[in-house]
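Participant: turn this into a model:
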Amino acid sequence: MTSGGTGADYQLAALVPRPAGIAGTGTLLVDGTVCPVWDWAAIPGLFSGKAGYAGMNVQIAATLAGGLAAVGPVPVPGARHDAYAFAASGLKDLIAGMDAAADLGYTGVDGIAIVPFRTPPGGQLHESQADFNVGLSKIRAAVERAVAHLKTWRILSEEGGRFRPPLAKFESTLTAITGLFFFSSYCKGFG
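Facilitator: Residues are numbered from 1 along each chain as shown. Model prediction:
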């Protein structure tokens, strides 16, 4: 964590279960999402061409049922590709030893066991490869639901505007949101 953290976000981080505690021995689905931030001109690499706005790349892992299993604790500037952000965010370390599936953006990434087949230049996939890709896409829809569920926290979503506090506070804000998310999801008896 950055030095901008408070005691409260560290306490909330203690509420976050290990991904294996949520998913068991099942395969995790990995994806990244760009959370919008104010376009700080002094901070390079925030603009995501894919998303079309400045933001921070947040990496997540979900269960096959679409439940959030882990959030990479370190946000990465939005211009960075998911293949880089997977390790830089700390998600790779969180899910080490578990099987993971992801989209083509994670091809060749250490720690991701299952990715779709890439269509060769000027060619086409074998029918069995195309069928595999379709099946994997249907399964991976669950990670999109997990992303949407996390983005119900308006400060992380496009609908909530942009994160305007100093960017150094984004990591502690993400830690607090992650802790509150898991607390509200798994500690129903306390609410």
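Participant: state the distance from residue 183 to residue 151.
Facilitator: Distance from residue 183 to residue 151, counting by Cβ to Cβ, to the nearest Å: 18 Å. Any C-beta I mention is one placed from the backbone N, CA and C, and that applies to glycine too.
Participant: same check, this time on residue 20
Facilitator: Shown here: residue 20 relative to residue 151, a distance of 24 Å by Cβ to Cβ.
Participant: got the CA coordinates for stretch 75-85 in CSV?
Facilitator: Presented in CSV, the C-alpha positions along stretch 75-85 are these (Å, rounded to 0.1, in the frame of the first residue of the first chain):
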residue,chain,number,x,y,z
PRO,A,75,-4.1,-0.2,-9.4
VAL,A,76,-2.1,0.3,-12.6
PRO,A,77,-2.2,3.3,-14.9
GLY,A,78,-5.0,2.8,-17.5
ALA,A,79,-2.7,2.9,-20.5
ARG,A,80,-1.0,-0.3,-19.4
HIS,A,81,-2.2,-3.5,-21.1
ASP,A,82,-3.9,-6.3,-19.0
ALA,A,83,-1.0,-8.6,-19.7
TYR,A,84,1.3,-6.2,-17.8
ALA,A,85,-1.3,-5.2,-15.2
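Participant: secondary structure element holding residue 61?
Facilitator: Using DSSP states H and E, residue 61 sits within strand 53-62.
Participant: tell me how far that strand is from the chain's mean position?
Facilitator: Mean-position distance between strand 53-62 and its chain equals 5 Å (Cα atoms, centre = their mean, to the nearest Å).
Participant: for stretch 31-46, same thing?
Facilitator: The chain centroid and the centroid of stretch 31-46 are separated by 15 Å under Cα atoms, centre = their mean.
Participant: if you count neighbours, what's buried in that stretch?
Facilitator: Buried positions in stretch 31-46, judged by neighbour count with 16 or more other Cβ atoms under 10 Å: 31-38, 46.
Participant: now the two most distant members of the residues you listed.
Facilitator: Within those, 31 and 38 form the most distant pair, 24.1 Å apart (Cβ to Cβ).
Participant: sorry, back to before: just checking: what are the partner strands of the strand holding residue 61?
Facilitator: Sheet pairing of strand 53-62 (DSSP bridges) gives strand 28-36 (antiparallel), strand 47-48 (antiparallel), strand 68-71 (antiparallel), strand 76-77 (antiparallel).
Participant: turn the ones you listed into CSV, including mean pLDDT and distance to residue 127.
Facilitator: Formatted as CSV, the strands paired with strand 53-62 follow (pLDDT from 0 to 100; distance: least, Cβ to Cβ, whole Å):
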stretch, mean pLDDT, distance to residue 127
strand 28-36, 94, 25
strand 47-48, 88, 35
strand 68-71, 94, 33
strand 76-77, 94, 37
